[in-house]
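S.K.: Kindly return the folded structure for what I paste below:
(4 chains)
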Number of protein chains: 2
Amino acid sequence: MRITAEAKVATRRRILETAMDRFPRAGFEATTTRDIAAAAGIAAGTLFNYFPSKEAIVMALAAEALVEAHRQFEGQPRGGSLDEDLFALIAAELRGLRPHRGYLRPVLETALSPLARAEASPEGEAIRVEHLEMVGRLIATRLPGGPPSPVAWNLYWTLYTGVLAFWACDPSPHQEGTLAVMDQYLRAFVGSLPQPE
Amino acid sequence: MRITAEAKVATRRRILETAMDRFPRAGFEATTTRDIAAAAGIAAGTLFNYFPSKEAIVMALAAEALVEAHRQFEGQPRGGSLDEDLFALIAAELRGLRPHRGYLRPVLETALSPLARAEASPEGEAIRVEHLEMVGRLIATRLPGGPPSPVAWNLYWTLYTGVLAFWACDPSPHQEGTLAVMDQYLRAFVGSLPQPE
DNA sequence: CGTATAAAGTGACCGTGCTCACATTACACG
DNA sequence: CGTGTAATGTGAGCACGGTCACTTTATACG
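M.R.: Below you'll find the predicted structure:
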């Protein structure tokens, strides 16, 4: 259980590398699981020993990018308003997700949308939890009145996925349009929280 | 071009009736296009002469329900605040969509989510436009400062689909939980508009 | 009527994501 | 070493949504 363990992680990496090569070039639909499997040197069925679905591969790529983005965000100095910190956090995430932008949309739809159920996509749920915990920490330092209500969390997640959605389709050259959307969405959210006077 | 025209509309109706019988009982995925076609007395391929995709069938059902809901809404007396009117409008829509609630989720995800592109789903776009025009009329009577900005419209649509999303998955008996969500979401939206002093 | 033209219907077929019964491999233990 | 056992790999096969070349039907016109 040593050689095999190494082999497993290597194969997993090879799948992810292959996916990262194919998806951006051909898009999500046009890249078939058979393509990826063949290019990674495994049988079509073996792919599903590593990832439960095609989407899960994309989720894994996104999750890696987000973890890295969070690492960078935490290493940066902060201290602005809550709006500003949330803005900086999401901006860092979008930077990290940039290479995947072209093919993220179909996955965002089914796995990250406010409609997605946790049971249906554990990978999406993991991403969701990690982001919300990060936000929770940011909010906790500003709002001593206790954590936001469940409905407020719903609102936040809806707005967050809304930003991602806009970003994924933003036609402006470097997605600058998303910044305005982010700004307005975040102000609507923070404005709806009970204000600390 | 008389008998056939009648036959076409009749077949279309038969497809929709069949779909309305099958989808609620078996759900969206478990109901196959072949099921519907067979039960409607047509070949598998013929179905796609009437609807370009399986989703389009659901969209057509939803569109019909929404048109009826809007008819009822317009027949009712109004005059509350903007929040209240928007609340009443969406509540009327949700009442109309009630029979379809169980199988609407997958379609909302891909066709109505903020991620959906208009090109990809003309049917979804039609629903979107009709709803937004309705809202535009409500807003126009309250905000003489002119129509909301494009970003504000994006925000509204994000929140609206967020409400639908919550409603589609709301486990509370008659989806009362959705009311609280609607209330908070709408207040966040109206609060983000330039206020008429 | 007969015939030409267009509309509507048909079902075999395709490519897809994913499954599953089986083959193959790698390790643990005597 | 040899052998049993569990993990991993395999690819034929499935069901699905959707397509398309072709047939059938209905209407328009001489």
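
S.K.: which bits of chain A sit near DNA strand D?
M.R.: Residues of chain A found near DNA strand D (Cβ under 7 Å from any atom of the strand) are A:4-5, A:7-8, A:11, A:42-46, A:49-50. Glycine gets a C-beta too; all of them are placed from N, C-alpha and C.

S.K.: Filter these to keep only those in contact with DNA strand C.
M.R.: The overlap between those and the neighbourhood of DNA strand C (criterion: Cβ under 7 Å from any atom of the strand) consists of A:4, A:44-45.

S.K.: still on that earlier bit, the residues of chain A next to DNA strand D in helices, which ones?
M.R.: Taking DSSP state H as the definition of helices, the residues of chain A next to DNA strand D contribute A:4-5, A:7-8, A:11, A:49-50.

S.K.: any idea which of those residues is closest to residue B:141?
M.R.: Nearest to residue B:141, judged by Cβ to Cβ, of these is residue A:50 at 57.0 Å.

S.K.: ok so, going back, for PyMOL, what selects the buried ones among the ones in helices among the residues of chain A next to DNA strand D?
M.R.: Here is the PyMOL command that selects the buried residues among those (16 or more other Cβ atoms under 10 Å in any protein chain shown):
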select buried, chain A and resi 11+50
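
S.K.: Just send the ones in helices among the residues of chain A next to DNA strand D back as a markdown table, with pLDDT too.
M.R.: As requested, those are arranged in a markdown table below (pLDDT from 0 to 100):
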| residue | pLDDT |
| --- | --- |
| A:4 | 74 |
| A:5 | 74 |
| A:7 | 80 |
| A:8 | 84 |
| A:11 | 95 |
| A:49 | 97 |
| A:50 | 97 |
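
S.K.: Quick one: low-confidence residue ranges for chain A.
M.R.: A:1-3, A:144, A:196-197 (pLDDT under 70).

S.K.: so which residue of it comes closest to DNA strand D?
M.R.: Closest residue of chain A to DNA strand D, Cβ to the nearest atom of the strand: residue A:45 (1.6 Å).

S.K.: Adding distance to residue A:128, write the ones in helices among the residues of chain A next to DNA strand D out as a markdown table.
M.R.: Converted to a markdown table, those look like this (distance: Cβ to Cβ, whole Å):
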| residue | distance to residue A:128 |
| --- | --- |
| A:4 | 32 |
| A:5 | 29 |
| A:7 | 31 |
| A:8 | 27 |
| A:11 | 27 |
| A:49 | 25 |
| A:50 | 22 |
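
S.K.: State the distance from the residue most central in space within chain A to residue B:147.
M.R.: Here the mean C-alpha position of chain A is nearest to the C-alpha of residue A:62 (Cα atoms, centre = their mean), at a distance of 5.2 Å. In this structure, residue A:62 and residue B:147 are 36 Å apart, going by Cβ to Cβ, to the nearest Å.
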